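Colleague: Kindly generate the corresponding structure for this input.
(2 chains)
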Amino acid sequence: MRSDETCRKLLEAIADLPLGETQIMEVCGTHTMAIAEAGIRSLLPKQIRLISGPGCPVCVTPPEDIDAVLELAMEPDVVLTSYGDMLRVPGSRRGDSLMRRRALGADVRIVYSPVDAVEIAAQEPEKQVVFLGVGFETTAPGTAAALLTAKERGLKNFTVLSLLKSVEPALRALMATEDFAVSGFLCPGHVATIIGEAGFRFLPEEYRMPGVISGFETEEILTAVYLLLRQIADGTPTIQNAYPRAVRPEGNILAKQMLQRAFTLQRANWRGLGEIPQSGFALREELSDYDAAKRFRIHPGQAVLQNGCRCGEVITGKLRPRQCPLFERVCTPEDPVGPCMVSSEGACAAAYKYQEI
Amino acid sequence: MDEIITLDYGSGGKKTSRLIEQYILPGFSNPALDVLGDGALIPGSGTLAFSTDSFVVDPLFFPGGDIGKLAICGTVNDIAMCGAEPKFLSCALIIEEGLPMQTLERVLQSMHDAAKKAGVQIVTGDTKVVDRGRGDKLYINTAGIGYQKHALAGLAAVRPGDAVLVSGTVGDHGTGVMLARSGMMEGEIRSDCAALNGLAEAMLSCGAAVRILRDPTRGGLATTLNEFTEGQNFGIELEEDAVPVRPEVRSACDLLGLEPIYCANEGKLVCICAKEDAARLLETMKQVPEGQNAAVIGRVTEDAAGRVVMRTALGGRRILQKLAGAQLPRIC
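Modeller: The predicted model follows:
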């Protein structure tokens, strides 16, 4: 059944809400893409601005971490396994990426799940197989499962380089930034399946910030946008679950236990947000044999700046993609300066790909 | 940073265009090549269509086809898109040391079957074996020739209002192969790999004013439509709802973070024809097995010149770009 009629009604209801200039933020890269694809921004009333937040895991990975990954890929006998998204992301030097390193001889392989990387390690014992863990609570449990499986099987040649991050500390850091002017969050449905509604209650309880957990179909997003704007209009901040078919109040207990068993939260560097305490999933001490950072002595380098790249401001919603002077002129998906243009969930990639006219 | 060849240069998208335009064309420019059609047209006592293609697909066998069938159909289709009747093919095999003979035999049998079905003969060939590790099992190059039967007017004849048609569901080959490679949803999606010379012949002899034919292989439908409009004084408006996509291809693409209109096809063609002939042409296409799911998917416009615009289901309009680089599956 097509939902066009429902969408039109939701848009009318949104237009009828008594709201002045209002900014809301989506904090999920999949939402960013879905919103751009359906052209939702151009369908909302002019005074409502929907901006993208730090919801793309590839984008929030800082350039110094990418540089470390590129170096690691060149180590002899290392097989670097990664999701496809990471391959074109440039390090601090433009044009330098895993795609380039692969052409130069690095053994970089795309996997669809960290479990595939464990399998490679079992089949090629003469290699050092490293899985590049990038993502939020959505992907972290899968990585945890892979780690625990590798340990169970006693694999000596499998490690994880964890650049995994947690959403909550990032939202807290974002709300603490100067000139933060967002009145509500469209909360990430996929992350919420893991951490549940409970994982977002801090928003209204501690910050009086409204939040609505949203699914990914156009109709679901518009429903969530409507509910969020209504909360803002009514001045009654709470967490609403507009994605109940997937998200339970308590989340996924098993996945959360898995996270606990494999990781502890440590400080981590974020592009655009800097260092945030307790925000990165680091491997637990008892799994240190499986920690690529330890095995290959990777020390996060000094924070580096990329020439003119303003992805950090895009990620924090301070700059819209088209306001960046590099957008389309210098920075394109074929030849990106920063990750937002090249990640399949990046705000700039979405704006470039889905130019509304 | 010194430029090197990465996988993106082989994606069929923007980087491939750059490789061709910046590095290859300047040194080899000639009238037959510069058109950059699917094949070259060589004038003489009749006009000869000539084309070549190399095949490096991994895995060698996938649901719906294999590298051998692909090598025949790919070149047959390039000739057919020129309005010519493919007749003779060459075939060069580059084999990696260690390939089981049985595998080679299966591929050759499949080439034989595909050639027979398409009505072409392989009349010359070459075989090389490279050291283990210097190739990936088997690469095949084919070239083909045939006399042009129907002269196509080409992009210069395209007029606002003209109809854009596709011969069936898009993205089947690209997603089928990607799934076969990943081991996920195995066998659920079959490549559409097929020879289109029969379909093209039916279309070109039904009397409809067909301006141009092209097979949307790498880069998919979106990239081919962009090739049509690039540098032209017309645009193309595509109706999102009108593009045929199998539901299983759509779900696989959702899962992998890809879009069917950017995924490769190996048994589909796109065509532009005069508005008044569209219905008749569509009817003709539907009577051929390779065209049974054909559809009118858009029209040529005067505005948005040089661009492809997609009208979304909700009524929004957005610009459709060429594929940027190789399609890579995403994180979640």
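
Colleague: From here on, just use CA atoms for contacts and neighbour counts.
Modeller: Fine.

Colleague: What parts of the stretch 101-250 of chain A come near chain B?
Modeller: Taking Cα under 8 Å from any Cα of the partner chain, the part of the stretch 101-250 of chain A that reaches chain B is made up of A:102-103, A:111-112, A:135, A:138-139.

Colleague: List buried residues within those residues.
Modeller: The neighbour count (16 or more other Cα atoms under 10 Å in any protein chain shown) marks A:102, A:111-112, A:135, A:138-139 as buried among those.

Colleague: which one among those residues gets closest to residue A:242?
Modeller: residue A:138 (17.9 Å; Cα to Cα).

Colleague: Name the SS class of the closest one, please.
Modeller: Reduced to three states with DSSP: H, G, I helix; E, B strand; the rest coil, the structure at residue A:138 is coil.

Colleague: Contact partners for it?
Modeller: Contacts were defined as Cα atoms under 8 Å, 6 or more residues apart in numbering or on different chains; by that measure residue A:138 touches A:190-191, A:193-194, B:332.

Colleague: From the residues of the stretch 101-250 of chain A next to chain B, pick the one nearest residue B:191.
Modeller: Ranked by distance to residue B:191 (Cα to Cα), those are led by residue A:112 at 20.6 Å.

Colleague: Could you verify my assumption that the closest one touches residue A:85?
Modeller: No: using Cα atoms under 8 Å, residue A:112 is not in contact with residue A:85, being 10.7 Å away.

Colleague: Which residue, neighbours along the chain excluded, lies closest to residue 213?
Modeller: I'll assume chain A. Closest residue to residue A:213 apart from its sequence neighbours, by Cα to Cα, 6 or more residues apart in numbering or on different chains: residue A:187 at 4.5 Å.

Colleague: that answer is for a different chain, and I need it for chain B
Modeller: residue B:271 (4.5 Å).

Colleague: would you turn the contacts of residue A:138 into a markdown table with neighbour count, pLDDT and secondary structure?
Modeller: Listed next are the contacts of residue A:138 as a markdown table, based on neighbours: other Cα atoms under 10 Å in any protein chain shown; pLDDT from 0 to 100; DSSP: H, G, I helix; E, B strand; the rest coil:
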| residue | neighbour count | pLDDT | secondary structure |
| --- | --- | --- | --- |
| A:190 | 24 | 92 | helix |
| A:191 | 22 | 94 | helix |
| A:193 | 25 | 94 | helix |
| A:194 | 25 | 94 | helix |
| B:332 | 19 | 45 | coil |
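
Colleague: What number of residues are in the vicinity of residue 106?
Modeller: In the absence of a named chain, chain A is used. A total of 22 residues lie near residue A:106 under the criterion other Cα atoms under 10 Å in any protein chain shown.

Colleague: Sorry, I should have been clearer: chain B.
Modeller: Residue B:106: 14 neighbours (other Cα under 10 Å).

Colleague: Same question for residue B:138.
Modeller: 23.

Colleague: where's it relative to residue B:195, distance?
Modeller: 21 Å (Cα to Cα, to the nearest Å).

Colleague: so where's chain B uncertain?
Modeller: Low-confidence segments of chain B (pLDDT under 70): B:185-187, B:328-332.

Colleague: So what pairs up with the residue in it that chain A sits nearest to in the strands?
Modeller: Using Cα to the nearest Cα, the single residue of chain B nearest to chain A is residue B:318, 4.3 Å away. Beta-bridge partners recorded for residue B:318 (DSSP bridges): residue A:356, residue B:310.

Colleague: That one reaches residue B:310, doesn't it?
Modeller: Yes: between residue B:318 and residue B:310 there is a contact at 5.3 Å, judged by Cα under 8 Å.

Colleague: any idea how far residue A:162 is from chain B?
Modeller: Residue A:162 sits 14 Å away from chain B, going by Cα to the nearest Cα, to the nearest Å.

Colleague: how many neighbours does that residue have?
Modeller: 22.

Colleague: For it, which residues are in contact?
Modeller: A:132-134, A:281-283, A:291-293.

Colleague: ok, 10 Å please
Modeller: A:130-135, A:140, A:143, A:263, A:280-283, A:291-293 (Cα atoms under 10 Å, 6 or more residues apart in numbering or on different chains).

Colleague: for residue B:250, same thing?
Modeller: Residue B:250 neighbours (Cα under 10 Å, 6+ apart): B:170-172, B:175, B:256, B:258-260.

Colleague: Mind telling me what element it is part of?
Modeller: Assessed by DSSP states H and E, residue B:250 sits inside helix B:247-256.

Colleague: which of the residues of the stretch 101-250 of chain A next to chain B lies closest to chain B?
Modeller: For those, the nearest to chain B is residue A:103 (5.5 Å; Cα to the nearest Cα).

Colleague: Could I get the full set of strands for the stretch 1-150 of chain A?
Modeller: Listed in chain order, the strands of the stretch 1-150 of chain A (DSSP state E, counting those that start in this stretch) span A:22-26, A:48-52, A:78-82, A:107-110, A:128-133.

Colleague: Please apply the same query to the stretch 1-150 of chain B.
Modeller: Under DSSP E, counting those that start in this stretch, the stretch 1-150 of chain B gives strands at B:40-42, B:48-55, B:61-62, B:65-66, B:88-96, B:121-130, B:138-147.
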